[in-house]
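>>> give me the fold of what follows.
(4 chains)
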4 protein chains.
Amino acid sequence: MAIVLQDNQYGKAETRVVRIYRDTERHEIRDLNVSTALRGDFAAAHLAGDQASVLPTDSQKNTCFAYAKERGVGAIEEYALALSHHFVDDIASVSRARVDVDEYRWERVAVAGAEHAHTFVRAGHEVRTAAVTTSTERPVKASWVISGIKDLVVLKSTGSQFTGFLTDRYTTLAQATDRILATSLTARWRYAGTDVAWDEAFGQVRQILLERFAVVHSRALQQTLWEMGSAVLAARDDIAEIRLSAPNKHHFLVDLSPFGLENPGEVFHADDRPYGLIQCAAVREGAADAGPAWELPAAFA
Amino acid sequence: MAIVLQDNQYGKAETRVVRIYRDTERHEIRDLNVSTALRGDFAAAHLAGDQASVLPTDSQKNTCFAYAKERGVGAIEEYALALSHHFVDDIASVSRARVDVDEYRWERVAVAGAEHAHTFVRAGHEVRTAAVTTSTERPVKASWVISGIKDLVVLKSTGSQFTGFLTDRYTTLAQATDRILATSLTARWRYAGTDVAWDEAFGQVRQILLERFAVVHSRALQQTLWEMGSAVLAARDDIAEIRLSAPNKHHFLVDLSPFGLENPGEVFHADDRPYGLIQCAAVREGAADAGPAWELPAAFA
Amino acid sequence: MAIVLQDNQYGKAETRVVRIYRDTERHEIRDLNVSTALRGDFAAAHLAGDQASVLPTDSQKNTCFAYAKERGVGAIEEYALALSHHFVDDIASVSRARVDVDEYRWERVAVAGAEHAHTFVRAGHEVRTAAVTTSTERPVKASWVISGIKDLVVLKSTGSQFTGFLTDRYTTLAQATDRILATSLTARWRYAGTDVAWDEAFGQVRQILLERFAVVHSRALQQTLWEMGSAVLAARDDIAEIRLSAPNKHHFLVDLSPFGLENPGEVFHADDRPYGLIQCAAVREGAADAGPAWELPAAFA
Amino acid sequence: MAIVLQDNQYGKAETRVVRIYRDTERHEIRDLNVSTALRGDFAAAHLAGDQASVLPTDSQKNTCFAYAKERGVGAIEEYALALSHHFVDDIASVSRARVDVDEYRWERVAVAGAEHAHTFVRAGHEVRTAAVTTSTERPVKASWVISGIKDLVVLKSTGSQFTGFLTDRYTTLAQATDRILATSLTARWRYAGTDVAWDEAFGQVRQILLERFAVVHSRALQQTLWEMGSAVLAARDDIAEIRLSAPNKHHFLVDLSPFGLENPGEVFHADDRPYGLIQCAAVREGAADAGPAWELPAAFA
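Residues are numbered from 1 along each chain as shown, chains lettered A, B, ... in the order given. All right, here's what the predicted structure looks like:
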C-alpha cells in the first residue's frame, strides 16, 4: 500500500513584535508574539526537496514586522486578519494561512499621581490571544476569527462545593461542602463573522467570564465552566462558540489537628501536580460552520 | 437560537507515578507522568451541577497508582491500554477514555565499571510518549494506540542546504548551501492494531528517525521530515500513520569579518525565537480509520 | 591535609502557603512561597549520619502552615521574623535561621462595578519578597530584614540613550541616541532595624523605583539603577542598603529599509538571549553591619 | 550620611556559542552558554552616566564568538580563562572579569552501528559548568577556576533511611528505614591552581560523585553529600574545596491499603514542591585562598 503525504503546514513561530506609537508625546505600546502557519501546494518540498513554492519562514517573520509599520497594530484580530489575507492573496502556493497572536498587557507607570507618557510596567499574568484563519480552499474565500484569553488565574475562597459524586473501588476523596476553587483559565471563542468591534468585545467577554466565576455557586468546575461559556453566548449574538479549558488548581486544606489547631477553611497548601483538567464547549445551535478554524498546529503532535 | 453543550471531557493530568521493581537485588524503575481524560454522559454535571455520574479526578489518580501495583508497568502502551479499558468497562457513565503517558529514561550508574543494582541517573533529554484511546461510542468497542517521542534534540553540522526558494517583496534571506540543521523533534505514530511488541517497535522507530535525519542530505526540513516519516511506514506494516512536528532551531553563522576573521561554518549563534515550525503527516493508503485517536485534549484550547 | 566540613545549611524550600481570612464576609488572601534554611550544630549529621540534632524539613514545612494559623500572615516580613525567631529560640541545635518568602498579588474581581467579597484574580507579574535572618551566633541575638521585589518588568519607549562608550577591536555596536530601555528588575533592600511599617515601606520603595525609572533620562542602565537605588536611600533613613540587578531586555530596531519603509523608533524585535546584566549596590555610609543577611542559599552553588 | 556606590558589575549573559570543528570529515561540536561579568572603574557610569570606560556588553558578546574562532574551544575552563585574561589585560578600566560557561553534551547518532561523522543527539540532562575569575585587584594578578556540574539527577531505590531525628511540637514525619533517595545535584569545586587536565579531572570528579551516591548507605542526604564531597578532595590534591547543593526530590510511598493492596516500596508519587534543600561545603585545611572566586553574580539579588 502506498505511503502518502497528508496534512502539512509550516511557518514562523513566536516572532516578538513590539510596536510603539509615538506620534504624540503620549506613546502607546503593543507587545505581541506572532506565529504564522501556511498550507497549500507544498508537496514538492516534502517529496523532492524542491523549494520553488516555499516562501521562507524568514520572509514571514519580515512580513510580521513590516505589517506592524505598514498596516499598524490595532486590535490583534485586525492585524492577524491583514497578515492572513496577505499570505493567501499574494503568495500563489498558499491556500490557507493561520496567524496566531498573543498580546502582553502593559500599564502606564504613575508619576506623582499622573500617568507617564512613555513609561510602562507589565500588567497582569493573563494574555489576550487571537487565531485567525483565512482560506481559499472552498468555493468562497473566507476567514475565521477565534479570540481568547489564557493564563487568567482566578480563585474563590468560598462558594464552591464538590459533593454527591460517583464513587468506585478507588475512591477515597471526602465530600467538600466549602472549598477553594482556583484555576488558570484558557478560553477561546469563535466569532460568526469578521465585522466586530474587537477590543470592546474582548473586554465584555473577559468581564462576563470573571463575573460568572464570581457569582455562580459552584457545584463543580464543570458547572462553572458551562455557566461562564453559555453566558458569553447569551450576551453576544456574534459569537458562535466558546471553548474553555480549566486546570483545577488544587488548594488542599492543611490538617493542623496534630498541633492542636483548628483549620476552618483558613490555611491551604497550593499543590502543583497532579491537577484536574476540565474542558467543555458551548455552541450556538445553527451557528456558522467552524471550517478549519479549530485545526490547531498542536493537533499535529 | 439555543445554546448547547458540545464536546467536553475531564480527567486528572500529570500524575507522577514511579514504579520500582525490587523482586531481585537488581531493581528496575519506571518513571511516568500519567494523564487521564474521560468522555461520556456528563451533561448533568455541566448543566445542573449534578455529580452523580462523575468519577472524581482524585479517584482517577488513585487508579493510576493502584494499577501500577495491580497490573504493573511494562510498556507504557500496555499500562495505558489497561487503564483506558478499566474506565470504559467499569464506570457506567464513561464512553471514551484517553490515557496519556510520558516516560522518563534512567540509566544505571556504573560503579567500578559494573552497573549498580539500585542507583540510577536520569538519561537523555527525550521523552517516550503514549496516547491510548478506548471507546464504546461505536458499535464495536475499540482502542487506538499512538506512540511517540518528544524533545528528541538532533543536529547535523553539514549535509543541509536551503536554496531555490520562493521570494517575495519581504524576502531578505540569503541562499544557504551548507548550514547547520537542528530541531527538537516530536513524532507520534498510530498503530493499526494493539497486538504489538511495544518496546521493540519504539526502539526501531526511534532508530529509523535518527538514521534518516543523519543520512538524508537535507534540501529543507520539510524533506527531511517526510523522509523520516515515510521510512518508518515503509519499515513497519503495523504502523498506519506518523505525524512529525519540528521547530527549526536556527543556528546563525556569526559574521566575524569585522574582526578580520573568516568563519567557514565554524562559529554559530544558537537563537531562541522566532523559529521555523514544520509539520507533516505520512499515512498509509487504506490504513485503518483513526477514529478519535487524534482528538487531543489540547484541541479544546 | 585534613578535609573539613565548612558552611552548611538545610531547610524546606518552596512551601506554598495560602492563608484565607474569612472572619467577615469580605475575605482576604495571602498567597506565599516560603523557604526555610537552618544553620547550627549539624556536623554529626554530615560526618556520622547522626540525625539527633536535625529537625526534619517536614517539620519546618508543618511549622510554616501552623504559624499561618497561630500567628497569622500580615506583612511577610513579620511572618518571616516570627518563623526565624521560633527556629533559633525553640530548636536547641539551630544558631541561625533564614526564612525567604515570596508573595503573589491578587486583586478582587469586580462584579457590576463593585469589588467581590471572595473572588480574586492574579495581579501583576511582579513578586514581593522578604529574606529574614535571625542569628544567635554573635554575643547578642539579632535579626536582619531584606525586603524586595522581583520580576518587575518595566519599559520606556524613549528617554534612553547609549553613547560615548569605550570601543575595542571587537566593538561593532552603533551609538544609540534614542532607544527602548526595558528590564525585569530585581531589587532588595536591607533595613537598619526591624521596627518598620513593612507594607507602607514596600509601597513607597516600589513607587520610588518606578518613578525614577520613568523620569531619569537614561544615559545607561548603570546610571538608571544608581538613580533608583540612591533615591530609595535618600527617602528612607531606615534602609541601610539596596541592591539592584537588571537584565537589559534588548529591543532591537528592525531594519525595514529593504521593504522601502522607514522605522523611526516604531517597530522593534524583543530579543531573548543574550542580554546585558547590570548590577549595583547603593549603601548608606556608616550603616549598621549587614551581618549574615546577604549570605544567600544560592551562594552554595 | 552619604550614600555611596558599592559593589557593581556588568556583562553579557547567556551568549549561546556553538563551535563546530570540521577540519576532518568527522566533525566535533562544543555547545556553550557563556556569561561575562566585569568589575572595575565604572563609578562614572553609575554616578554621571559617563560611558567612556564602559566596554559595551555587545562587544563582550562579540568577543565570546571571536574567541571561539581565534582561540578555539577546548575545555570550557581554558576558554573561560582566555576570555577573562583578555578582559583584564586589554580593557584598561577592568580590574576583575568573571566568565561563566555552561556546556551541553551531545552524542553521535549511530547509523548501522557506527558513529555518524556529523550528526548528533543531545545527551543527558546534566550540564557541565565553569566559573573563572581573573583579577588584578591584588598585588599579583591571579585567576581562580571553579568547575562544576548541575542538573545531575540521580536516584537510589533502596539503601537510604531517615531515622532518629529530632522531633518537636510540629513533627509528624514517620521514621523511614528504607526509602527512595533522589536529587538533582549541583556541585562546584574550586581548583588550587590553573594547571589542570580539565576534561580528565571533570570526568573523575563526576564519577566519584556518582559512585559515592551509589555505594554509601544513606542515613540522610547530609551524610551522602559529605561523603561525595570529601571523597573528591581525598582523590585529587589539586582541588581545594567543593560545594554541593541538593534538593531532596521527595518520592512519597503511596498508601494503597484502601484498595486492599500492599505497597512494600514499589509505588511512589514523585512530588514537586516543597522539597528539602541540603547544602554543604568540604574544604581542604590550609588550601589556597578562595579570593573572589565565590562572589557569584547571584549574590546581588
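>>> show me which helix runs longest in chain A.
As assigned by DSSP state H, the longest helix anywhere in chain A is helix A:198-215.
>>> quick one, strands of chain A?
Taking DSSP state E as the test, the strands found in chain A are A:3-13, A:15-21, A:28-40, A:94-104, A:106-111, A:114-122, A:127-135, A:142-156, A:181-191, A:239-248, A:251-253, A:267-270, A:275-284.
>>> outline the domain layout of chain A.
A:6-137, A:151-301 (automatic domain parsing).
>>> chain D: which of those domains is closest?
Nearest to chain D, of all these, is domain A:151-301, at 4.0 Å by C-beta to the nearest C-beta. (C-beta placed from N, C-alpha, C; glycine too.)
>>> what are the contacting residues of stretch A:108-120?
Defining contact as C-beta atoms under 8 Å, 6 or more residues apart in numbering or on different chains, one finds that stretch A:108-120 is touched by A:22, A:25-27, A:29, A:106-107, A:121, C:154-159, C:207, C:210-211, C:213-215.
>>> related to what we said a few turns ago, may I see the buried residues of the longest helix of chain A?
Buried residues in helix A:198-215, counted by 16 or more other C-beta atoms under 10 Å in any protein chain shown: A:198, A:201, A:202, A:205, A:206, A:208, A:209, A:210, A:211, A:212, A:213, A:214.
>>> residue numbers of chain A in contact with chain D?
A:169, A:170, A:172, A:258, A:259, A:272, A:273 (C-beta under 8 Å from any C-beta of the partner chain).
>>> can you pull up the most central residue in chain A?
Closest to where the C-alpha atoms of chain A average out (C-alpha atoms, centre = their mean) is residue A:148, at 3.7 Å.
>>> give me the distance between that residue and chain C.
Using C-beta to the nearest C-beta, to the nearest Å, residue A:148 is found at 16 Å from chain C.
>>> my guess is that residue contacts residue A:189. True?
Yes: using C-beta atoms under 8 Å, residue A:148 makes contact with residue A:189 at a distance of 6.7 Å.
>>> output the below-cut-off pLDDT ranges for chain A.
A:296-301 (pLDDT under 70).
>>> go again with 90.
Counting by pLDDT under 90, the ranges of chain A that qualify are A:1, A:124-125, A:288-289, A:294-301.
>>> ok, how many other residues are close to the nearest residue to residue A:150 once chain neighbours are set aside?
Spatial nearest neighbour of residue A:150, chain neighbours left out: residue A:186 (4.4 Å); criterion: C-beta to C-beta, 6 or more residues apart in numbering or on different chains. For residue A:186, the neighbour count with other C-beta atoms under 10 Å in any protein chain shown is 20.
>>> check the gap between residue A:186 and residue A:278 for me.
Per C-beta to C-beta, to the nearest Å, residue A:186 is found 11 Å from residue A:278.
>>> got it, and residue A:264?
From residue A:264 across to residue A:278, the span is 27 Å (C-beta to C-beta).
>>> and residue A:164, by the same measure?
Between residue A:164 and residue A:278 the computed distance is 17 Å (C-beta to C-beta).
>>> for residue A:176, same thing?
With C-beta to C-beta as the criterion, residue A:176 and residue A:278 are 16 Å apart.
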